[in-house]
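S.K.: Below: sequence and its predicted model.
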Amino acid sequence: MPCLVQEDSSKQKKFWSVAALTLTFLAEWGDRSQISTIALAAAKDPLGVTLGGIIGHSCCTTLAVMGGRVLAEHISERMVVTAGGVLFLCFALHGAIMGAD
């Protein structure tokens, strides 16, 4: 039976890795920066734009992952969810008062 536990853990890690890749891809797909990158690649050297985009995104993602790990050591997940919910409600209230223009 210990082999099954190990195999389930490995499958679970693989699932979350694929989920993270998929969600990041989908979140970035329609981003305005993607439109800007397309325009920049059309006007400048596509290889340079590609390498710059890869390096820039890698640096940003690395900082986000390391920062998330540090924050996870000091802040509980419940606190993050609560803060996100409160912030969402504040944005909703602001939108309702100021309008959606």
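M.R.: Thanks, I have it.
S.K.: tally of neighbours for His57?
M.R.: Residues near His57, counting by other Cβ atoms under 10 Å, number 13. C-beta here means a position set from N, CA and C on the backbone, and glycine is covered the same way.
S.K.: mean confidence score for the helix or strand hosting it?
M.R.: With elements taken from DSSP states H and E, the one containing His57 is helix 46-74. Per-residue pLDDT over helix 46-74 has a mean of 89.
S.K.: How far off centre is the next helix-or-strand element following it?
M.R.: The helix or strand immediately downstream of helix 46-74 is helix 77-98, counting by DSSP H and E. The chain centroid and the centroid of helix 77-98 are separated by 19 Å, computed with Cα atoms, centre = their mean, to the nearest Å.
S.K.: how about the CA coordinates for helix 77-98, as PDB?
M.R.: Taking C-alpha atoms only, helix 77-98 is exported to PDB below (Å, rounded to 0.1, in the frame of the first residue of the first chain):
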ATOM      1  CA  GLU A  77      -4.400  31.100   3.800                       C
ATOM      2  CA  ARG A  78      -7.500  32.100   5.600                       C
ATOM      3  CA  MET A  79      -6.200  35.600   6.000                       C
ATOM      4  CA  VAL A  80      -5.400  35.800   2.300                       C
ATOM      5  CA  VAL A  81      -8.900  34.600   1.400                       C
ATOM      6  CA  THR A  82     -10.500  37.100   3.800                       C
ATOM      7  CA  ALA A  83      -8.400  40.000   2.600                       C
ATOM      8  CA  GLY A  84      -9.200  39.100  -1.100                       C
ATOM      9  CA  GLY A  85     -12.900  39.000  -0.300                       C
ATOM     10  CA  VAL A  86     -12.900  42.300   1.600                       C
ATOM     11  CA  LEU A  87     -11.000  43.900  -1.300                       C
ATOM     12  CA  PHE A  88     -13.400  42.500  -3.800                       C
ATOM     13  CA  LEU A  89     -16.300  43.900  -1.900                       C
ATOM     14  CA  CYS A  90     -14.600  47.300  -1.700                       C
ATOM     15  CA  PHE A  91     -14.100  47.300  -5.500                       C
ATOM     16  CA  ALA A  92     -17.800  46.300  -5.900                       C
ATOM     17  CA  LEU A  93     -18.900  49.100  -3.600                       C
ATOM     18  CA  HIS A  94     -16.700  51.600  -5.400                       C
ATOM     19  CA  GLY A  95     -18.000  50.500  -8.800                       C
ATOM     20  CA  ALA A  96     -21.600  50.800  -7.600                       C
ATOM     21  CA  ILE A  97     -21.100  54.300  -6.200                       C
ATOM     22  CA  MET A  98     -18.800  55.700  -9.000                       C
END
